[in-house]
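A.B. asks: sequence and predicted model, in that order:
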Amino acid sequence: MGCLAAVGGITGCGDNGTHNPPGANARVGSVLIRYAHIAEPPNGPWEPGADAPFYVWLFNQGRSTDRLLGAETTVARSVDIVNADGATQGPVALPTGKLIELEKGRTHLLLRDLRRQIRGGDYVWITLRFERAGEIALQVHSQIPTYVDDDATDAPGLTSPSPQ
């Protein structure tokens, strides 16, 4: 029952359309892929030569452990699996019935040395490779920035909070 709840939670069941998380969702073999997206650009678009974080959640519904071996894309020189500090590491184990969140502050993927500019909202193809599940090509987007610069309150359409 707990597994079903976990899968329901990551597939967006029961949210009545009130939550629209970023990213591509897919399945390859027994691995569910959720929220696959390039991190939002920090201050304008990701420029050629930059490294852009790629975040994804993985859930293995199979009977045996799988591993994310790596990824590739034509928009970057390479895609590396890195730890929270940015150091390259090996494959990511995907135990059965456990959600693995590859995201900021944790192990995640990093598109190294971008070959072209990527703006928030742009789509790119990224292929994920798994030991047992195989490969899948996903069209993922660069998350559209949603933050507001606290110092930019004089910009059109932005207002500062009113003191109570």
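C.D. replies: Done, it's in. Because the structure is a prediction, the values reported are computed rather than measured.
A.B. asks: element containing the residue nearest the centre of the chain?
C.D. replies: Computing the C-alpha centroid of the chain and ranking residues by C-alpha atoms, centre = their mean puts residue 55 first, at 2.2 Å. Take DSSP states H and E as the rule and residue 55 turns out to sit in strand 52-60.
A.B. asks: packing partners for the helix or strand that that strand is followed by?
C.D. replies: As assigned by DSSP H and E, the chain's next helix or strand after strand 52-60 is strand 66-72. Under the contact criterion of 3 or more C-beta pairs under 8 Å, 6 or more residues apart in numbering; DSSP states H and E, strand 66-72 touches strand 52-60, strand 76-82, strand 92-94, strand 123-130. Using the backbone N, CA and C atoms, a C-beta is placed for each residue, glycine as well.
A.B. asks: I figured residue 60 hits residue 92, correct?
C.D. replies: No - assessed by C-beta atoms under 8 Å, residue 60 is found out of contact with residue 92, at 10.7 Å.
A.B. asks: ok, the two, which is more surrounded?
C.D. replies: residue 60 (25 against 18; other C-beta atoms under 10 Å).
A.B. asks: tally up the residues packed near the residue nearest to the more buried one when sequence neighbours are not counted, please.
C.D. replies: Excluding its sequence neighbours, the residue lying closest to residue 60 (C-beta to C-beta, 6 or more residues apart in numbering) is residue 94, at 4.2 Å. Residue crowding around residue 94 was assessed by other C-beta under 10 Å; the count is 23.
A.B. asks: repeat for residue 98
C.D. replies: 13.
A.B. asks: ranges for the strands of the protein?
C.D. replies: With DSSP state E applied, the chain shows strands at 24-28, 31-38, 52-60, 66-72, 76-82, 92-94, 99-102, 108-114, 123-130, 134-141, listed in chain order.
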